[in-house]
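> what shape does this take:
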Amino acid sequence: MTGNGAEIIVVEIGCANTASVLFALERLGAKARLSSDPAEIAAATKVVLPGVGAAGFAMSRIRELGLYDTIRGLKVPLLGVCLGQQLLFEGSEEGDVECLGLIPGRVTKMTASQDLVVPHMGWNQLEVIETDPLNAGVNDGDYAYFVHSFVCPVNEFTLTTSTYGAPFAAMVRKGNVFGCQFHPERSSATGARILENFLRVSL
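Numbering: from 1, shown residues only. Below is the predicted model of the structure:
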């Protein structure tokens, strides 16, 4: 599915179940592997940045590993998954941390209520706002699997939204930078379709 058999790197920063993302890509026929080496990441044909947990810890790991400038400087397709999508934005309320700044906007905390528990965990429906190669074949009402307490803003770079109390950006794109707030590797056929779309993306 990578087209030329070239390598996809799944970035290993120590705060995500990177193995499940790797296995999902391999099931689709991709040649992929884990790495936290800046040179290997810079040489990849596509890069996936997964993440689970706190934005502050993830950003500190990115800086410790010397990956901040490497990730920001990528010209190939980059896909942020779950926390990885949040890290693509300018900053996050979670710890008031500066993120990668690849997409304008600030990540904010979800508002809990009597009816809505935070973190948001489970299946939720998607609404397509803008068609793009990343969400090709995704339809309004398709379900994806979410686990998160913070949300990315809906703005001009939003491809797909989901609603939990209020709408938030479920999928984003700015140039070569893509994101999924949900876990495509855990989102059944819809998630597999999105990962396959990413493998086919050409800039």
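
> pLDDT-wise, which helix or strand of this protein ranks last?
Lowest on mean pLDDT, DSSP states H and E among the helices and strands of the chain sits helix 18-27, with a mean of 93.

> what's that helix packed up against?
Helices and strands touching helix 18-27, by 3 or more CB pairs under 8 Å, 6 or more residues apart in numbering; DSSP states H and E, are strand 8-11, strand 32-35, strand 46-51, helix 188-200. Any C-beta I mention is one placed from the backbone N, CA and C, and that applies to glycine too.

> what residues sit buried inside it?
Across helix 18-27, burial judged by 16 or more other CB atoms under 10 Å covers 18, 21-22, 24-25.

> one more: stretch 83-102?
Buried residues in stretch 83-102, counted by 16+ other CB under 10 Å: 83-89, 91-92, 94, 97, 99-100, 102.

> how about stretch 161-177?
Buried residues in stretch 161-177, counting neighbours by 16+ other CB under 10 Å, are found at 161-162, 164, 168-174, 176-177.

> need these in TSV (columns: pLDDT, secondary structure and distance to Val128).
Output for the buried residues of stretch 161-177, formatted as TSV (pLDDT from 0 to 100; DSSP: H, G, I helix; E, B strand; the rest coil; distance: CB to CB, whole Å):
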residue	pLDDT	secondary structure	distance to Val128
Thr161	98	strand	8
Ser162	97	strand	11
Tyr164	95	strand	17
Phe168	97	strand	15
Ala169	98	strand	12
Ala170	98	strand	10
Met171	98	strand	9
Val172	98	strand	13
Arg173	98	strand	13
Lys174	98	strand	17
Asn176	98	coil	21
Val177	98	strand	19
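
> pick out the most distant pair among those.
Using CB to CB, the buried residues of stretch 161-177 reach their maximum pairwise distance at Tyr164 and Asn176, which is 28.5 Å.

> run the chain-centre distance for stretch 113-132.
Its chain's C-alpha centre and that of stretch 113-132 lie 15 Å apart, by CA atoms, centre = their mean, to the nearest Å.

> no no, stretch 169-176
9 Å.

> flag the shaky bits of this protein, pLDDT-wise.
For the chain, the stretches with pLDDT under 70 are 1-6.

> and the strands in it?
8-11, 32-35, 46-51, 78-82, 89-92, 97-98, 103-109, 120-125, 127-128, 143-148, 150-151, 158-164, 166-174, 177-180 (DSSP state E).

> can you list contacts of the fifth one?
Which is strand 89-92. For strand 89-92, the surrounding residues in contact (CB atoms under 8 Å, 6 or more residues apart in numbering) are 55-56, 86, 97-107, 150, 152-153.

> next one: that strand to chain centre, how far?
Mean-position distance between strand 89-92 and its chain equals 14 Å (CA atoms, centre = their mean).

> how about it as PDB, C-alpha atoms only?
C-alpha atoms of strand 89-92 as PDB (Å, rounded to 0.1, in the frame of the first residue of the first chain):
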ATOM      1  CA  PHE A  89      -1.300  22.300  17.400                       C
ATOM      2  CA  GLU A  90       0.300  25.500  18.800                       C
ATOM      3  CA  GLY A  91      -0.300  24.700  22.500                       C
ATOM      4  CA  SER A  92      -2.400  22.800  25.000                       C
END
